[in-house]
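Novice: Just need the structure, nothing else, for what follows:
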Amino acid sequence: MEFNNHHTPIISLLLSIFSGIVSWLSLNDAQYFVSFCASIIALISGILAMRYYWYAGNEKRKNQLKSDKNGN
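Specialist: Here you go, the predicted model:
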């Protein structure tokens, strides 16, 4: 009986590579990596928040100008 497990060597290779990388990294290196990723996420979040409030403020000013023109 022949089994068609053609993906087994690829999965084994990827697992070996992942295990090697994880064992190569120490806990300190992982802490620096996680801190770096968290700071990048916070930076992007701050930029997107500034962009949101910029556009929301502009929209509010436009609506206020329109209502002032229609009211006068």
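
Novice: Over to the most centrally placed residue in the chain. Which of the three states is it?
Specialist: By Cα atoms, centre = their mean, the mean C-alpha position of the chain lies nearest to Ile41, the distance being 5.9 Å. Secondary structure, DSSP: H, G, I helix; E, B strand; the rest coil: Ile41 is helix.

Novice: give the contact list for it.
Specialist: Applying Cβ atoms under 8 Å, 6 or more residues apart in numbering to Ile41 gives no contacts. Just so you know, the C-beta spots here come from the backbone N, C-alpha and C atoms, and that holds for glycine as well.

Novice: Can you check the pLDDT for it?
Specialist: If you check Ile41, the pLDDT there is 96.

Novice: ok, now Leu14?
Specialist: Model confidence at Leu14 (pLDDT) stands at 87.

Novice: So which other helices or strands are in contact with the helix or strand containing it?
Specialist: Here Leu14 is covered by helix 8-24, with elements defined by DSSP states H and E. On a contact count with 3 or more Cβ pairs under 8 Å, 6 or more residues apart in numbering; DSSP states H and E, helix 8-24 meets no helix or strand.

Novice: Kindly export that helix (C-alpha atoms) in PDB.
Specialist: Provided in PDB are the C-alpha atoms of helix 8-24 (Å, rounded to 0.1, in the frame of the first residue of the first chain):
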ATOM      1  CA  THR A   8       5.500  15.500   4.800                       C
ATOM      2  CA  PRO A   9       9.200  16.300   3.900                       C
ATOM      3  CA  ILE A  10       8.300  20.000   3.500                       C
ATOM      4  CA  ILE A  11       6.600  20.200   6.800                       C
ATOM      5  CA  SER A  12       9.500  18.400   8.500                       C
ATOM      6  CA  LEU A  13      12.000  20.800   6.900                       C
ATOM      7  CA  LEU A  14      10.000  23.900   8.000                       C
ATOM      8  CA  LEU A  15       9.600  22.500  11.500                       C
ATOM      9  CA  SER A  16      13.400  21.900  11.700                       C
ATOM     10  CA  ILE A  17      14.200  25.400  10.500                       C
ATOM     11  CA  PHE A  18      11.700  27.000  12.900                       C
ATOM     12  CA  SER A  19      13.100  24.900  15.800                       C
ATOM     13  CA  GLY A  20      16.700  26.000  14.900                       C
ATOM     14  CA  ILE A  21      15.700  29.600  14.800                       C
ATOM     15  CA  VAL A  22      13.900  29.400  18.100                       C
ATOM     16  CA  SER A  23      16.800  27.600  19.800                       C
ATOM     17  CA  TRP A  24      19.200  30.200  18.400                       C
END
